[in-house]
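[1] need a 3D model of the sequence below.
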Amino acid sequence: MLKLWGTSNPSKGAMLHLIKTMQKQRFSEEINYLKEPKGKKAPSLVVNSNLFIDKYGILRSDGRIGKIHEIEFEYDVLHPILLAKDHELTKLIIEDCHLKVQHLGIGATMNQVRLSGFWITRARQAIKNVISPCLFCKKINNLAFKYPKVTNLPKNRVNLVQPFRHVGVDYTGAIHIREGKKDQTMYLLLFTCLNIRSVHIELMPDLNVNSFVLAFIRFSNLYGIPTHLYSDNAKTFLAGGDILEQVVKSNQFLSKFSCYSIK
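    Model (predicted):
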């Protein structure tokens, strides 16, 4: 937090000098008006930001929060120092705040700037211009591959139908649990509505056909028999689509649900 109440500290005195120099370069009109307001039209920045000059000659903003009495904030936060958006000093302050928030992004950096006692004109754009070239952020946020080309949505995804008419189904990997002193392996069976993206989850003790049929019956009793059942054959799922394909094509499943013409 920048504190300018005492200039005996060389670093604070240097910061005070740099800020005053920057403000004289970029806000000379506002400073001249505040020193001699008689017979002059107030600049828009003075009116909009409620600017004033403190006893050290620093241009500050007296915002709405500064009117609140007994608020637990530092003076610099309640009356932040005005900075020009495109000045080199402002850039250095933004970079310092960006490092303090550990490269979290524009919003976090902006909050840190304000908590540090500064007010930047057009702050979001100024911060974006400074942190966009950050190599560390690019390394963390950028992907090492390009997204695949977006395909067309299937008609079952866009038609207005009853929920869970078109369902995607998949298993998760094994989940190890402990019941009493006994370790068990469980699975989750996911039923996903392709229209509204609602998800129904069934806890499965194993991956056999009987367990799937019972889970499908419980699901159908709640939401009705789906007309289309899709399974994902992605290899990233431990159970994968092979088990689902075997279950759906099994005689037990077909004999139970063939009359409903599930596709």
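[2] element containing residue 13, please.
    Using DSSP states H and E, residue 13 maps to helix 10-26.
[3] just checking, what packs against that helix?
    Packing partners of helix 10-26 (3 or more C-beta pairs under 8 Å, 6 or more residues apart in numbering; DSSP states H and E): strand 81-83, helix 88-100. The way it works is simple: take the backbone N, C-alpha and C, and place the C-beta from them, glycine included.
[4] deepest-packed of these, please.
    strand 81-83 (a mean of 23; mean count of other C-beta atoms under 10 Å).
[5] off-centre distance for it?
    Mean-position distance between strand 81-83 and its chain equals 28 Å (C-alpha atoms, centre = their mean, to the nearest Å).
[6] helices of the stretch 1-150 of the chain, start to end?
    Ranges of helices in the stretch 1-150 of the chain, per DSSP state H, counting those that start in this stretch, are 10-26, 28-35, 44-49, 75-78, 88-100, 106-115, 123-131, 135-141.
[7] closest to residue 212 out of those helices?
    helix 135-141 (40.3 Å; C-beta to C-beta).
[8] what does that closest one rub up against?
    Contact with helix 135-141 is made by 103, 105, 131, as judged by C-beta atoms under 8 Å, 6 or more residues apart in numbering.
[9] give me the buried subset of those.
    Buried by 16 or more other C-beta atoms under 10 Å: 103, 131, out of these.
[10] what is the nearest of the contacts of helix 135-141 to residue 152?
    Taking C-beta to C-beta as the measure, residue 152 lies nearest residue 105 of those, at 32.9 Å.
[11] list the contacts for the closest one?
    Going by C-beta under 8 Å, 6+ apart, residue 105 touches 131, 137.
[12] look up the pLDDT of it for me, please.
    pLDDT recorded at residue 105 is 88.
[13] where's residue 189, which helix or strand?
    Using DSSP H and E, the element containing residue 189 is strand 182-193.
[14] in that strand, which residues are buried?
    By neighbour count on 16+ other C-beta under 10 Å, the buried set for strand 182-193 is 187, 189-193.
[15] show me which pair in the residues you listed is furthest apart.
    Across these, the longest distance by C-beta to C-beta is 20.4 Å; it joins 187 and 193.
[16] quick check, pLDDT for the residue lying closest to residue 42 once chain neighbours are set aside.
    Closest residue in space to residue 42, ignoring its immediate chain neighbours: residue 33 at 6.2 Å, by C-beta to C-beta, 6 or more residues apart in numbering. Per-residue pLDDT puts residue 33 at 90.
[17] just residue 170 next, same as before
    Residue 170 is given a pLDDT of 86.
[18] can you give me the domain boundaries for this protein?
    10-141, 156-260 (automatic domain parsing).
[19] what is the end-to-end distance of the first one?
    This points to domain 10-141. End-to-end distance of domain 10-141 (C-alpha to C-alpha, to the nearest Å): 38 Å.
[20] need phi/psi at the residue of the chain most remote from its centre.
    Each residue of the chain has a distance to the centre, and by C-alpha atoms, centre = their mean the biggest one is for residue 39: 49.1 Å. Here is the backbone geometry of residue 39 (degrees, to the nearest 10): phi 70, psi 10.
[21] noted, bye for now.
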